[in-house]
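**Q** no sequence for this one, just the structure:
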């Protein structure tokens, strides 16, 4: 009987999605955590703490999304420019381009008739040769037309989510229990940072525990810097 099962699809993580997710969530969380620790060390007025944190959330989210959009757009324009240049060189100096293809395969260990055969096979397909040169000569990956918008959406949303995390405990405290809210915020933020690091290791390579611990240490160290600044400023008499 014929095999009617659907072919299995290999799971592959999108590099751009992963980097955008980590960039937005980590930056938003660490930024707001540092502000919360700094402000709470300097004052016990909840309104001031919330205003500072929410202002940072809004500004940081929009800024990070905009940076992701413009930087991804710049990468796409660079890629398209290099494609045009490579197409021009393939038309005007085909022998030089063929030598470059041959040199790449030679570096991979191809020799003799095998080298000439595979070089000729690539050269006979202009599209294949173009993509080959873009990938292995120029080391550039294609950037899709809608990737800038997608990057903006991922970074914006992940920054918002990350920024909200350290703020959650402060919804359940009063002006007399801010210290407890601060401790809870650090614990919650540390746990989420660990999860982000572990997710990165799970979708790439490396130790889940080490990656999670590394992300936690870096994030909390940045947040602690905010606490020190707030503590010093709060101790200065007005």
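**A** Sure, I can see it. Predicted model only: the values in this text are computed from it and were never measured.

**Q** and the least confident helix or strand in the chain by mean pLDDT, how far out from the chain middle?
**A** Taking mean pLDDT, DSSP states H and E as the measure, the chain has helix 208-235 as its least confident helix or strand, at a mean of 77. What separates the centre of helix 208-235 from the centre of its chain is 20 Å, taken as C-alpha atoms, centre = their mean, to the nearest Å.

**Q** same question for stretch 82-95.
**A** The chain centre lies 33 Å from the centre of stretch 82-95; the measure is C-alpha atoms, centre = their mean.

**Q** how close does the closest residue to residue 194 other than its chain neighbours sit to residue 197?
**A** The shortest distance from residue 194 to any residue that is not its chain neighbour, by C-beta to C-beta, 6 or more residues apart in numbering, is 3.9 Å, and that residue is residue 212. Bear in mind the C-beta positions are built from the backbone N, C-alpha and C, glycine included. From residue 212 over to residue 197 the distance is 4 Å, taken as C-beta to C-beta, to the nearest Å.

**Q** comparing these two, which residue is more hemmed in?
**A** Between residue 212 and residue 197, counted using other C-beta atoms under 10 Å, residue 197 has the larger neighbour count: 26 against 22.

**Q** show me what the helix or strand where that one lies is packed up against.
**A** Using DSSP states H and E, residue 197 sits in helix 178-203. Here helix 178-203 is seen to pack against helix 15-42, helix 208-235 when contacts are counted using 3 or more C-beta pairs under 8 Å, 6 or more residues apart in numbering; DSSP states H and E.

**Q** go again using 10 Å as the cut-off
**A** With contacts defined as 3 or more C-beta pairs under 10 Å, 6 or more residues apart in numbering; DSSP states H and E, the secondary structure elements packing on helix 178-203 are helix 15-42, helix 46-92, helix 147-164, helix 208-235.

**Q** about what we covered before: quickly list what's touching both of residue 212 and residue 197.
**A** Taking C-beta atoms under 10 Å, 6 or more residues apart in numbering as the criterion, residue 212 and residue 197 do not both touch any residue.

**Q** quick one: residues contacting residue 122.
**A** Residue 122 sits next to 98, 101, 102, 104, 105, 128, 129, 130, 131, 132, 133 when contact means C-beta under 10 Å, 6+ apart.

**Q** among those, which ones are buried?
**A** 98, 101, 102, 104, 105, 129, 130, 132, 133 (16 or more other C-beta atoms under 10 Å).

**Q** tell me the angle the helix or strand containing the last one makes with helix 46-92.
**A** Following DSSP H and E, one finds residue 133 within helix 126-136. Counting by axes from the mean of the first three to the mean of the last three C-alpha atoms, to 10 degrees, helix 126-136 lies at 130 degrees to helix 46-92.

**Q** what distance separates helix 126-136 from the centre of its chain?
**A** Once both centres are worked out by C-alpha atoms, centre = their mean, helix 126-136 turns out to sit 27 Å from its chain's centre.
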